[in-house]
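Novice: Everything below, folded, please.
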Amino acid sequence: MMQLDLHNILSLLTATIMADKHVYASEIDVFLKSTNKSKLIRHLDPKISEAKLLTWYELNKDGIAQKLVTPHFKDWLYDILEKLSDVSQKQTILELMRGIAIADDDVHVSEKALITLAERYWGVN
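Specialist: This next block holds a predicted model:
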């Protein structure tokens, strides 16, 4: 997996955290733990620790939050989804998104919409 793919995957997961305009510690915790344990990044060398994932999140969250409220949000989202079209683990990405969405015990309509857009774009159920 290329670094750009990893950046795009993490951007998509961060967008899931922020989709409902509320950021909960449980969502960040799921992002860190699930992503770190997933087969998406387990094989990377050097290994990416939860601390590095948290640093990435902190450095990128404001820019992603701004993208979510612009009129061009779908363009940004579809660009990321297109760049990830060749990634074979789309189902894993969607599972991570679902895990983040349910982490606060309330799957918001905006989180559902984000996941549904990704599923439809990739043709994955």
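Novice: any idea which helix is longest in this protein?
Specialist: Longest helix of the chain, by residue count under DSSP state H: helix 50-68.
Novice: ok now that one, how far from the chain's centre?
Specialist: Relative to its chain's centre, helix 50-68 lies at 10 Å (C-alpha atoms, centre = their mean, to the nearest Å).
Novice: how about low-confidence regions in this protein?
Specialist: Across the chain, the ranges flagged by pLDDT under 70 are 1-2, 4, 42-46.
Novice: so what's the most centrally placed residue in it up against?
Specialist: Centrality entry for the chain: nearest residue to the mean C-alpha point is residue 13, 1.1 Å, by C-alpha atoms, centre = their mean. By C-beta atoms under 8 Å, 6 or more residues apart in numbering, residue 13 lies in contact with 31, 35, 93, 96-97, 100. C-beta here means a position set from N, CA and C on the backbone, and glycine is covered the same way.
Novice: re the thing from before, list the buried ones in the longest helix of the chain?
Specialist: 53, 56-57, 61, 64, 67-68 (16 or more other C-beta atoms under 10 Å).
Novice: quick one, helices of the protein?
Specialist: Assigned by DSSP H, the chain shows helices spanning 3-18, 25-37, 50-68, 73-83, 90-102, 109-122.
Novice: relative orientation of the first one and helix 73-83 in degrees?
Specialist: Note on geometry: by axes from the mean of the first three to the mean of the last three C-alpha atoms, to 10 degrees, helix 3-18 and helix 73-83 are set 140 degrees apart in direction.
Novice: just to revisit the earlier point, alpha carbons of the longest helix of the chain, in CSV - could you do that?
Specialist: Taking C-alpha atoms only, helix 50-68 is exported to CSV below (Å, rounded to 0.1, in the frame of the first residue of the first chain):
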residue,chain,number,x,y,z
GLU,A,50,-1.6,4.2,17.9
ALA,A,51,0.5,7.3,18.8
LYS,A,52,1.4,7.9,15.2
LEU,A,53,-2.2,7.4,14.1
LEU,A,54,-3.3,9.9,16.8
THR,A,55,-0.7,12.4,15.6
TRP,A,56,-1.9,12.0,12.0
TYR,A,57,-5.5,12.5,13.2
GLU,A,58,-4.6,15.7,15.2
LEU,A,59,-2.6,17.1,12.2
ASN,A,60,-5.4,16.5,9.7
LYS,A,61,-8.7,16.7,11.5
ASP,A,62,-9.3,20.4,11.0
GLY,A,63,-8.7,20.3,7.3
ILE,A,64,-11.1,17.3,7.0
ALA,A,65,-13.7,19.0,9.1
GLN,A,66,-13.6,22.0,6.8
LYS,A,67,-14.1,19.7,3.8
LEU,A,68,-17.3,18.3,5.3
